[in-house]
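> what would the 3D arrangement of this be:
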Amino acid sequence: MTPNIGQLAAGYYALNVKDATGEERQVEITLTEPEPLKVFADPLVYPNGKNISCFDCFNGSIDVQVEKGTPPYSYFWQDANITTQDRTSLGAKSYEVTVTDANGCVERVAIALEQPESSDWKMGGNAGTDPETQYMGVGFPEVRPIITGGESWGGGARAPPPPRRPRRATKHTHQPDGH
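Purely as a prediction, here's the structure:
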């Protein structure tokens with residue numbers, strides 16, 4: 001007789017036990033199995049509809065949510081041997097996370113982050129910024145370009161003066177008839 005039993009499948013079990021005095025007792029138990037592990041990876045989406053705000057930037061992020069299975073969960077990102085649940089400061093490429101629960105159940109999720117093409121850059125800045133005071137979508141209103149010289153050029157800024165054309169060389173000749 002074995003006092004411990006393991007690796008049982010989910011289901012109904014009845015156990016009959018007889019002690020040293022011959023008294024018998026029955027114990028019933030129903031073992032349930034945890035619901036299957038479910039993993040969701042949600043990338044940040046910028047107002048441009050992409051997961052990265054600008055071409056060749058590294059400001060993407062992925063939020064991983066886990067449901068069911070048996071906590072605690074462990075995480076492993078294949079691209080960089082990282083074991084955090086979520087990721088930030090990501091560039092445009094494919095990422096895959098493997099989540100393992102306490103029972104050893106494994107679920108993998110792959111996701112590709114997209115960036116805008118370099119030709120999609122707009123002079124209006126990023127959403128929530130003021131292009132009059134914030135350049136390239138940064139939040140530093142004290143950083144302003146300085147343009148000096150020239151004539152007034154919209155909004156009070158001054159454009160540089162136009163380049164001067166070289167004078168043409170002229171040859172004067174004296175004609176006897178005065179012309």
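> local confidence estimate at residue 42?
Note on residue 42: pLDDT of 97.
> no wait, residue 138
The model's pLDDT for residue 138 equals 45.
> relative to residue 95, how far out is residue 49?
19 Å (C-beta to C-beta, to the nearest Å). The way it works is simple: take the backbone N, C-alpha and C, and place the C-beta from them, glycine included.
> so between those two, which is more surrounded?
In this view residue 49 and residue 95 are compared by other C-beta atoms under 10 Å, and residue 95 has more residues nearby, 21 against 8.
> can you list the buried residues in stretch 83-90?
85, 87, 90 (16 or more other C-beta atoms under 10 Å).
> same question, stretch 68-82
Within stretch 68-82, the residues that qualify as buried are 69, 73, 75, 76, 77, counting by 16+ other C-beta under 10 Å.
> which element is the fourth one on?
So the one you mean is residue 76. With secondary structure defined by DSSP states H and E, residue 76 is part of strand 74-77.
> what's that strand in contact with?
Applying C-beta atoms under 8 Å, 6 or more residues apart in numbering, the contact partners of strand 74-77 are 64, 82, 83, 84, 85, 87, 95, 96, 97, 98, 99, 100.
> distance to residue 113, secondary structure and pLDDT added to the residues you listed, as TSV?
Formatted as TSV, these follow (distance: C-beta to C-beta, whole Å; DSSP: H, G, I helix; E, B strand; the rest coil; pLDDT from 0 to 100):
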residue	distance to residue 113	secondary structure	pLDDT
64	14	strand	98
82	15	strand	95
83	20	coil	97
84	16	coil	97
85	17	coil	98
87	10	strand	97
95	7	strand	97
96	12	strand	97
97	13	strand	98
98	18	strand	98
99	19	strand	98
100	23	strand	98
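> between those, which is nearest residue 110?
Ranked by distance to residue 110 (C-beta to C-beta), the contacts of strand 74-77 are led by residue 96 at 4.3 Å.
> lovely, talk soon.
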